[in-house]
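[1] one predicted model, sequence on top.
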Amino acid sequence: MSADVVVIGGGIAGIAAALRVAESGRRPVVIETRRKLGGRATSFVDPRSGQVLDNCQHVAMGCCTNLLDLYRRLGVLERIDWHPVTWWAHPPHEPDRLEAGWLPAPGQFTGSFLRMRLLTLKDKLAVARAMWRLMRMGFAGRLAWRGRTFGAFLQATGQTPRAREMFWEPVVVSACNLPSDQVDAPFAMQVFQEGFLGHRFASAMGLSTVPLLQLYDPAEAMLAKVGGQLRLGVSAQSIAFDGRRVTGVVTDEGLVEGAAVISAVPFDRLDRLCSPAMKSADRRLQRLGEIQVSPILGVHLNYPVRVLETPHLVLPGRGTQWLFDKGTDGAGRQHVHAVISGAAAWMDLDEAEIGRRVHADVAWACPRAAGLEPTEIRSVKERRATFAAVPGFAALRPGARPDPRGGIDNLLLAGDWCDTGWPATMEGAVRSGYAAAAAVTGQGGPEADLPVAPLARLVGLR
Ligand SMILES: Cc1cc2nc3c(=O)[nH]c(=O)nc-3n(C[C@H](O)[C@H](O)[C@H](O)COP(=O)(O)OP(=O)(O)OC[C@H]3O[C@@H](n4cnc5c(N)ncnc54)[C@H](O)[C@@H]3O)c2cc1C
């Protein structure tokens, strides 16, 4: 079998790369070991309940211009529901709401932030001081923090313990999958600069209204249009290399020849697909074994009645960080999904203990859950959920193409772990896929970021 471009991996990076290759008129073949698309951002049928569950809630943000572009190309953008309000639990009071008001960015949250009862005036002044520093340093300024943790920045800006615990931690750990004291500062800084301060729409939360897997349904037909193929249930075993260039991919069903290969598998998988000869020919492949990982825990709970009254809820200061309303059935039973990022401390707990802890957090945040028990609990541990964006990680991230010192020209790399500047996100995955496709086709490439609002630019965010 042969193709113009062999794409290994049908996660978001692989889908993005293959679609852009197909748009250029070239024939891609996508090799995906599972029998479905989506990689880490997909759904499965729970054998116990028969329910189609997402392996974990996946949140898009308004600033994810490339992910939204991919959804648009796939024709599924209308399956994303936009939530302009973020709800923050503050029992026994009603949750605080953080939402953009009438002020232009970067001041759009001023009104609702000042009204948050979760934080004292002293906490709010500390947060405002740090936000001001983030704006004044601009995009280049955050790179000066490379190698230091975001915790060090919070310390340098005199954050109160409560501001850290109740405001900064829930945002940082959810976006970067590591707590502030572990994450390389620029990753977290980017979240606030580009996800909150730069544009009114940037922080809007997009949630899929259908199981994640259904978002990728149109991909197969789009590839077939140019004579491309999706080979599900086929595993790449190695990348064929003639000493200078790659010539295709060896799979469990034989060789798939290609003029170029785009690897869109995680770094540890790529490490196994490359021979020592390839590694010595291309420095992008030499440090894959040094990348560390950080786990995420997703927990599905069914309640006999509706307990969560907002579409989602941040649980500041609790072990469980987010709850999402996944719907209520005809009998009034609610499916709640809980997410715990940076979940290393949870990985050795059994499902019963996880259920107990998460339910205790639900009961803390949602008065209606007190005295109830969930009728079903399903926890999904993703031990290798994402790379760990620790200080030193940025230097390990390869680009799509070989660096100018040489490498294997027709081997392109994609995946959220590649050098997109983004934390481990669907947006990063799409960016990497678009960059890899552009390296093959000579056209396209990642989409532009949201434009920074004039007032934000004026105060230094550029
Ligand atoms: C629990 C969890 C929650 C998350 N929440 C969010 C969120 O809210 N928002 C967000 O933006 N991001 C989130 N992410 C991150 C997001 O899922 C990833 O960044 C993104 O899906 C990565 O896509 P990818 O294509 O780079 O890699 P993957 O999704 O890992 O895709 C790689 C594909 O390669 C396939 N593969 C591997 N080896 C082989 C082989 N030998 N042959 C053939 N195929 C192979 C795999 O089966 C997989 O389909 C979350 C991740 C996890 C795990």
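    Looks like it arrived, so ask away. Given the structure is predicted, the values throughout are model-derived calculations rather than measurements.

[2] after the lengthiest helix in the chain, which helix or strand is next? Please name it.
    If you go by DSSP state H, the chain has its longest helix at helix 121-143. Counting by DSSP states H and E, the element after helix 121-143 in chain order, helix or strand, is helix 150-156.

[3] got the residues of this protein near the ligand?
    Residues of the chain lying close to the ligand by C-beta under 6 Å from any ligand atom are 8-14, 31-34, 39-41, 55-56, 58-59, 235-236, 264-266, 269, 296, 298, 382, 385-386, 415-416, 424-429. Any C-beta I mention is one placed from the backbone N, CA and C, and that applies to glycine too.

[4] mind checking which of these are in strands?
    Judged by DSSP state E, those include 8, 31-32, 59, 236, 296, 298, 382, 385-386 as members of strands.

[5] biggest separation within these, which pair?
    Greatest spacing in these, by C-beta to C-beta: Val59 and Ala236 (29.9 Å).

[6] follow-up on the earlier one: elements contacting the longest helix of the chain?
    Judged by 3 or more C-beta pairs under 8 Å, 6 or more residues apart in numbering; DSSP states H and E, the packing partners of helix 121-143 are helix 110-115, helix 150-156, helix 161-163, helix 185-192.

[7] go again with 7 Å.
    Counting contacts by 3 or more C-beta pairs under 7 Å, 6 or more residues apart in numbering; DSSP states H and E, helix 121-143 packs against helix 161-163, helix 185-192.

[8] strands of the stretch 301-450 of the chain, start to end?
    312-314, 322-328, 334-341, 376-387, 411-413 (DSSP state E, counting those that start in this stretch).

[9] out of those strands, which is closest to Asp350?
    Across these, Asp350 has its closest neighbour in strand 376-387 (8.9 Å, C-beta to C-beta).

[10] ok and that closest one relative to strand 334-341, angle-wise?
    Per axes from the mean of the first three to the mean of the last three C-alpha atoms, to 10 degrees, the angle that strand 376-387 makes with strand 334-341 is 30 degrees.

[11] paired strands for strand 376-387, with orientation please.
    The strands beside strand 376-387 in its sheet (DSSP bridges) come out as strand 293-303 (antiparallel).

[12] and the partner strand, how far from the chain's centre?
    Put simply, strand 293-303 sits 15 Å off its chain's centre (C-alpha atoms, centre = their mean, to the nearest Å).

[13] could you pull up phi and psi at Tyr71?
    Main-chain torsions, Tyr71, degrees, to the nearest 10: phi -60, psi -40.

[14] and Leu154, how far is that from the ligand?
    According to C-beta to the nearest ligand atom, to the nearest Å, Leu154 and the ligand sit 23 Å apart.

[15] hmm, Pro179 and that residue touching each other?
    No: judged on C-beta atoms under 7 Å, Leu154 makes no contact with Pro179 at a distance of 10.8 Å.
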